[in-house]
Structures are given as structure tokens and as C-alpha cells.
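just coords:
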């Protein structure tokens, strides 16, 4: 990766020379920053590292996942630790999905002026404004379809002039749609029964009692996606 | 395109589904089906009167752009609040090149809107393009014996620049319903306000306003009050139930004008809630 070429970036206003071809997150760590929040899976899936930047000479604020976006010459960077956006509390089985419950729990969606700023902020290229519009008319299926790739980074909610918490609205819609309109998968019912029967309690107790070195050893030996191992 | 692009609006997909389903049935039956605009968004609900508040026009302008993308130069609205907001924004950006330029610059992800899309109300299409004669001809369940108070409220007729008809004495809804055999009663509160969204903060106020409308309709001998707005419909129904004991108000049915048309054009079963009323007033007096 490091072929000796360097590029200049700015982190919170201060210039740094970093190798080319590394991600924003790697570049900031290269410069000496250490992340305890605002970093997660480092693989583009968890949504913890949603970030903003501007390129030199550009008027537009850009949005990305810091673990995915490569640094470019003249980038102005920072890292966002968290999106403060309260999530509504609800019991799915007590709600009637035929009523527009999204509007009841998140009435601010009615403040949407269709400015589309949320969509422009989405590092997953989701049509965020379109799903808020679908939420406004109670169309759970469309919210579910449009928001499926959301990784809950929260950048939409940080940018919205109407203070909508888009990603929480979409999550609620997907949950409602899931319980009301999707058949329950068989493997889920089986696993839920196993959990309530205490099938895995002994294994869990073993892990809880284990020391750190033991846990590390078990982690290193873990099987990833055993189903695909069996298939191969 | 086979059919006319139409804008449903949020309420027609939620609390006012009967308005949409009856309108779709009516237009299908009359041979000029409505085609739902692709990827429409909320109209913005209320037209912002603040001169420089262009942000609140974005929602309507996006729908005008969607209309252009669908290859159309007109968009049919059903809900009278959507109609009002869309029509006023369309007129504003047509007349104000500077506002249009600012809006286009802000919506840099959209193709520029150059103006020219006409917002029409379904009443325009029914009265002026299809016409009462064709409606009369297509009527299979004449509403003879049914007395209708046609209620316009505010947003169909004010301001004058977007009024669907003469804003003092509108007859468009009556012209269309008269063709079904219904009797249109003369009632003086046809263009009074129902109390609109005051129902949220001042329900007493909207109940009082709506009561006056219903009282006027009942005194004029109406069996049904025809509406074109989900919010009028809601407020009038609330007042009807609240004052059911007084002055014959409880006997009034409140229905979207499209529901009455659908019933006349043979919707089977007739739109929800209309059956008993038709049974009493139409079959008994009109005969079939």
C-alpha cells in the first residue's frame, strides 16, 4: 500500500503528510489519533464511523464512512464520535401497523420539506428523503425496501433541517413490516425455542467465567459462518 | 400516455383511502384513467406566504419535475389542499425566474425546472373534459332523490388566482353531481372554513366552524355533504358526531364527491358508509 508517495491532508485544521492509498480512518490513526468511539468494524458494515469532510476548493460538504473512503490531497477531516438522536421506545406487538404509527412515534417526519439534504448525506446512497416521504403516508413496505442498506450511521439526522431521525424511523418501519407482513422464518423459531429452553446457558456461563487470555484464544479459534464451512 | 398523471398526496394513501379508490374507479369507468405520478412526495401541505421562504416550495417543485420526467405538462390533484399548494407554487415559479433559479441551484441533484406544468383539479377534468352529459350517460345507479350540499371550503376556491371556479359562487362540484340525478341544494356555507388544522390546537374552534357548515346544509334539506378535502371531511365528521342530536345534523352523511360519483357509476358495493344512505334516499324515492 505504502509506495512512498505522500499526500497532504488537514485534520481539524492542522496539516499532516500521510501515505497515499489509505483510508481516512487509517490516515487519522497514522497522524496519531486514537479512536475509542466513532470506529467499529472497520469493514464498512457497522456504521460507527460515518464522517464528514471537505476537499480543498470545494463548497460542498462530503460524507463517507471513514473506514472506507481513501484520503485525497487537500482533504479537511475530523471524526464524529456519535449522533445524538433519541430513539422512540415501543413494543412492536402492541402496535397496529395499519395505523400510521411512524407518525405517532416520530411526528417530526411531518416537518419534511423535501430538501433532500438527508439523501445527499447518505454514504450508502440510499434515497433517504423518498423513504421519509413513504413513512409520511404509512407505506411500511416501501420504507423497508428503500432503507434496507441503512447501517445506522446517523449522518442523515445530523444534517436534517427538520430534525428528523430518519434512520430510527426506517428501523421502526422495517421492524413493523417484519412482524406484520413477513412470514416468520423457521430457523428463527427453532433458535428462539432453544434460547428459552436454556440450550446454550452452560456454554454462556463458561465464557462468562473465562479469563481474558482464554477468551482471546477462543476468539482466535472461532468458526466464521459454519454453514458455509460445512457446504465446502 | 394512456391516462392522466395524478398526484394522490399523503392523506389519500392513509386516512382518506376512500377518496382515492373512488376517484380511480370513476375515472376508469369514464375512460380517462388516472395514472399515479412516479416517486411523488408530499406537496408541502401549506403554501408559504413568506416571500423569501423558497425552502417550503421545494416539495411542490419536485413534483412538477417528476411530472416533466413522466413526459407530462399537467398534473391532476384530488385533495384540495394539495391542489392549492401545488397550483400556487407552480404559478409562483412560473412568474418568478429568480426564485426558480435559486430553487434549481439548491436542488442541484435534479434536472432544472423551467416552469409550465399546469395543476388541474379532478373537478376541472370531470366538468370540462368529460362533461356532465357523458357522466349522465355513464350513470347506472341514478342518485334521484338524493339531496347534496356541495361543500368547497377554502382551498378549492381561495385565493381567486387558483380557484377551481367562481370563488364566490362555485358550481363545479354541483355541475358534476347534478348529472347523476342528485339534487344540489343551495346552502350559504358552501365556501365557509371548516376550522382546518386548528383542530389540532383548538378543536373547539374547528367544531364550531364545522357545526355552522353542517347546520346550514341540514337546513337546506341535504342528505349528504360532499367534500373534496380530507381535512374538511375529518372536521365535518367530527362535528356531525359531536352534534348528532341537534337540528338533523346526526342524519347527515359526509362523503367525498368522488364517492357519490362512484356510487352513481355503479361501484359495487358502493363506497364504504354510503350503502345505508343510498338505500334510504335513492332506492325509496328515486326508484330503479
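It's in. Owing to the predicted nature of the structure, the values given are computational and were not obtained by experimental measurement.

what about residue A:173, distance to chain B?
14 Å (CB to the nearest CB, to the nearest Å). C-beta coordinates here come from the backbone N, C-alpha and C atoms, glycine included.

neighbours of residue 94, just the number please.
With no chain named, the answer covers chain A. Using other CB atoms under 10 Å in any protein chain shown, residue A:94 has 6 other residues around it.

not quite, go with chain B.
17.

what confidence value was assigned to residue A:220?
Listed pLDDT for residue A:220 reads 92.

try residue B:34
Residue B:34 is assigned 97 on the pLDDT scale.

list the first helix or strand encountered after the longest helix along chain A toward the C-terminus.
Longest helix in chain A by number of residues, with DSSP state H as the criterion: helix A:166-181. Moving toward the C-terminus from helix A:166-181, the next helix or strand (DSSP states H and E) is helix A:186-196.

what lies in contact with that following helix?
The contact list for helix A:186-196, computed with CB atoms under 8 Å, 6 or more residues apart in numbering or on different chains, reads residue A:200.

with stretch B:191-205 instead?
Counting by CB under 8 Å, 6+ apart, B:151-154, B:157-158, B:167-168, B:170, B:206-210, B:212-213, B:216, B:229, B:231-232, B:234-236, B:238 sit against stretch B:191-205.

change it to 6 Å
B:152, B:153, B:154, B:157, B:206, B:209, B:210, B:213, B:231, B:232, B:235 (CB atoms under 6 Å, 6 or more residues apart in numbering or on different chains).

strands of the chain, residue ranges please.
Answering for chain A, as no chain was given. A:6-11, A:14-19, A:50-55, A:62-65, A:75-77 (DSSP state E).

you looked at the wrong chain, it should be chain B
B:4-7, B:34-36, B:74-77, B:118-121, B:147-150, B:183-184, B:224-227, B:253-256.

nearest to residue A:92, of those strands?
Shortest separation from residue A:92 across the strands of chain B is recorded for strand B:34-36, at 30.1 Å, computed as CB to CB.

was I right to think residue B:258 contacts residue B:21?
No: Residue B:258 lies out of contact with residue B:21 (CB atoms under 6 Å); the separation is 8.8 Å.

so between these two, which is more surrounded?
residue B:258 (29 against 18).

residues contacting the closest residue to chain A within the stretch 51-200 of chain B?
In the stretch 51-200 of chain B, the residue that lies nearest chain A is residue B:59 (3.7 Å; CB to the nearest CB). Residues in contact with residue B:59 (CB under 6 Å, 6+ apart) are A:113, A:114, B:41, B:42, B:44.

same question for residue B:93.
Neighbour list for residue B:93: B:99, B:100, B:115 [criterion: CB under 6 Å, 6+ apart].

so what's the last one closest to, chain neighbours aside?
Computed as CB to CB, 6 or more residues apart in numbering or on different chains, the closest residue to residue B:115 that is not its neighbour in sequence is residue B:94, at 4.4 Å.

state the pLDDT value of that neighbour.
98.

could you list the domains of the chain?
I'll assume chain A. According to automatic domain parsing, chain A comprises the domains A:6-77, A:92-181, A:186-222.

my bad, chain B
Domain assignment for chain B by automatic domain parsing gives B:4-121, B:132-286.

present those domains as a markdown table; the columns should include distance to residue A:61.
A markdown table is the format used below for the domains of chain B (distance: least, CB to CB, whole Å):
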| stretch | distance to residue A:61 |
| --- | --- |
| domain B:4-121 | 13 |
| domain B:132-286 | 35 |
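
quick revisit: redo the strands of chain A as TSV? Include mean pLDDT, distance to chain B and mean neighbour count.
Converted to TSV, those look like this (pLDDT from 0 to 100; distance: least, CB to the nearest CB, whole Å; neighbours: other CB atoms under 10 Å in any protein chain shown):
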stretch	mean pLDDT	distance to chain B	mean neighbour count
strand A:6-11	97	25	17
strand A:14-19	97	30	14
strand A:50-55	97	16	20
strand A:62-65	97	14	20
strand A:75-77	97	21	21
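
residue A:153 is nearest to which of these?
strand A:50-55 (3.1 Å).

the stretch 1-150 of chain B against chain A: which residues are in contact?
Neighbours of chain A within the stretch 1-150 of chain B, by CB under 6 Å from any CB of the partner chain: B:10, B:13, B:14, B:41, B:42, B:55, B:56, B:58, B:59, B:62.

where along the chain do the helices fall?
All of this refers to chain A. A:24-30, A:101-105, A:117-121, A:128-136, A:140-147, A:155-159, A:166-181, A:186-196, A:201-209, A:212-220, A:226-231.

let me rephrase: I mean chain B.
Under DSSP H, chain B gives helices at B:17-29, B:58-69, B:80-95, B:97-106, B:122-124, B:131-138, B:172-178, B:198-201, B:203-219, B:230-242, B:257-264, B:275-278, B:284-286.
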